[in-house]
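A.B. asks: just to be clear, the model below is a prediction. Sequence and coordinates:
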Amino acid sequence: METFEHTILVADDEEKTLKVLDINLKNKYRVILAANGSEAIEYLKNETVHLVLTDLRMPEQGGLDLLKYVQQHYKHIPVMIVTAFGSVENAVQAMKMGAYDYILKPIQIAELERLIEKALHYARLLNENVELKERLKKYEGYREIITANPNMKALLETMKHVAATNANVLIEGESGTGKQLLAASVHYMSARADKPFIEINCGAIPANLLESELFGHEKGAFTGAVSTKKGKFELADKGTIFLDEIGELPLELQVKLLHVLENQKFTRVGGTQYIETDARIVAATNRKLSEEVNKKNFRSDLYYRLKVVYLQIPPLRERKEDIPLLVNNFIEKYKDLNADKQASISISEEALCILQSYYWPGNVRELENIIQQTIIFAKYGQITSDSLPSEILENAIIPSLTKEELRYEKNKRTGKIIRDIEYNFVRRILAKTGGNITKAAAISGYDRRQIQNLIKKYRIHTEDFR
């Protein structure tokens, strides 16, 4: 079965005209025929169309109605008008509405083919320009990953060297550490930067649909496959495909992915024709993939194919010097969320200290979400400890169990921080002793009276711990 690069949708209520156009165009293009505007719109909803060729006068919905629909929903598809000599004024009106060009009946096939090629070339340039602008816009966000951490800086230096090659990259790190950001940086710092960066989350798509998403499918390959669809590998040709959460990939698809890595070609679901691909692979996972290999959940041969270069992102709790930099960056990014859009937003030292004392199980993503929330509720243009969510305040300080450790923490902080430390300190030792004040005093280094004073100060009920 011959495949064509472009599909042309022809809409005309004259069956003779449809047959003539089909016969003359089907050797160069895939041609879809519609008897009116309504039928053409249904095809647009279910098919990949590159150009619409429509008569002006048709029953149900005419050419102008079809043009309006394409302009509203598919601006990237050029529309050409077919009209009789006496309706040139209507064709000119259509061009003012956004039609690419018009051609008069009786149609001269050579002239039509010239106009079609010109329209397709124009649409291609337009789409490339839009895509380039989008990529440049994205690149602005990926040029620099914010860090002051030595390990993270070393990782970025490695990443810059790797980006200049075509080597596959495996990125490991906890959820929220910035694996997608690092993967995008590999792409936008490479020679492939002006080509597609295609992402797919292997854990977010049902297993029965994942193969089609990765490799595409032919029309009729399965129920619901109403048209041929390109997969992510096809779309990423000459660019980069980012396989996020690769550890979730089912074993049967791991075999097919390995075949693509080894042979640089694949078939669509339901297809027999091989499609070549030159897509660089960057994969990421929040699992330890080597452990998944040992558990037989991940193929070792695929693991080593992906792990040509290995990058491991440290969690935020191991690079707390990055927190002030990230906080300032997120404040600048989300400052307009504050009710007083004219006020500059800052963060108090106390609030920043609490943020640096928190464990951050959700890493940078969690920090970004917290800053968004606090900016919304920040009063007088400042994020204070009162702006922070209760889960941050309750878990920011790892409570100590000895008087010496508590004194050390108290000397580092003042005001509300000290109150938070004392409060958590007392609750921790009471929880450990089942609310027994005598035992709490014994393990903490304080006498019974001091423990009682702290219990009274923070209105803590010892029966809550029994």
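C.D. replies: Looks like it came in fine. None of the values given here were measured: they were computed from a predicted structure.
A.B. asks: only C-alpha atoms for contact and neighbour calcs from this point on.
C.D. replies: OK.
A.B. asks: residue ranges with poor pLDDT in this structure?
C.D. replies: Low-confidence segments of the chain (pLDDT under 70): 1-3, 85-87, 131-144, 341-343, 397-417.
A.B. asks: and stretch 446-456, what's buried?
C.D. replies: Across stretch 446-456, burial judged by 16 or more other CA atoms under 10 Å covers 451-452, 455.
A.B. asks: which of the residues you listed lies closest to residue 125?
C.D. replies: Set against residue 125, the nearest of those by CA to CA is residue 455 (72.5 Å).
A.B. asks: what helix or strand is the closest one on?
C.D. replies: In this structure, residue 455 sits in helix 448-457 according to DSSP states H and E.
A.B. asks: before we move on, the earlier item: switch the buried residues of stretch 446-456 over to CSV; also include distance to residue 351.
C.D. replies: Converted to CSV, the buried residues of stretch 446-456 look like this (distance: CA to CA, whole Å):
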residue, distance to residue 351
451, 27
452, 29
455, 25
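A.B. asks: closest to residue 39 among these?
C.D. replies: residue 455 (76.9 Å).
A.B. asks: that closest one reaches residue 428, doesn't it?
C.D. replies: No. Counting by CA atoms under 8 Å, residue 455 sits too far from residue 428 to count as a contact (11.8 Å).
A.B. asks: please, where are all the strands along this protein?
C.D. replies: Assigned by DSSP state E, the chain shows strands spanning 7-11, 30-34, 51-55, 79-83, 101-104, 169-172, 197-201, 240-244, 265-266, 275-276, 280-285, 309-312, 346-347, 382-383.
A.B. asks: just how off-centre is the helix holding residue 455 within its chain?
C.D. replies: 52 Å (CA atoms, centre = their mean, to the nearest Å).
A.B. asks: packing partners for that helix?
C.D. replies: Applying 3 or more CA pairs under 8 Å, 6 or more residues apart in numbering; DSSP states H and E, one finds that helix 448-457 contacts helix 416-433, helix 437-444.
A.B. asks: deepest in the core, which of those helices is it.
C.D. replies: Across the helices and strands packed on helix 448-457, the average number of neighbours (mean count of other CA atoms under 10 Å) peaks for helix 416-433, which reaches a mean of 20.
A.B. asks: what angle separates that helix from helix 448-457?
C.D. replies: Counting by axes from the mean of the first three to the mean of the last three CA atoms, to 10 degrees, helix 416-433 lies at 120 degrees to helix 448-457.
A.B. asks: C-alpha coordinates for the helix holding residue 455, PDB please?
C.D. replies: Extracted C-alpha coordinates of helix 448-457, given in PDB (Å, rounded to 0.1, in the frame of the first residue of the first chain):
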ATOM      1  CA  ARG A 448      10.400  17.000  86.000                       C
ATOM      2  CA  ARG A 449       9.400  20.600  86.800                       C
ATOM      3  CA  GLN A 450      11.000  22.000  83.600                       C
ATOM      4  CA  ILE A 451       9.100  19.400  81.500                       C
ATOM      5  CA  GLN A 452       5.900  20.400  83.300                       C
ATOM      6  CA  ASN A 453       6.500  24.100  82.500                       C
ATOM      7  CA  LEU A 454       7.000  23.300  78.800                       C
ATOM      8  CA  ILE A 455       3.800  21.200  78.800                       C
ATOM      9  CA  LYS A 456       1.900  24.100  80.400                       C
ATOM     10  CA  LYS A 457       3.400  26.700  78.200                       C
END
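A.B. asks: quick one: contacts of that helix?
C.D. replies: The contact list for helix 448-457, computed with CA atoms under 8 Å, 6 or more residues apart in numbering, reads 422-423, 426, 437-438, 440-441, 461.
A.B. asks: do I have it right that residue 189 meets residue 162?
C.D. replies: No. Taking contacts as CA under 8 Å, residue 189 lies outside contact range of residue 162: 9.3 Å.
A.B. asks: and residue 290, how many neighbours?
C.D. replies: Per other CA atoms under 10 Å, the neighbour tally for residue 290 reads 15.
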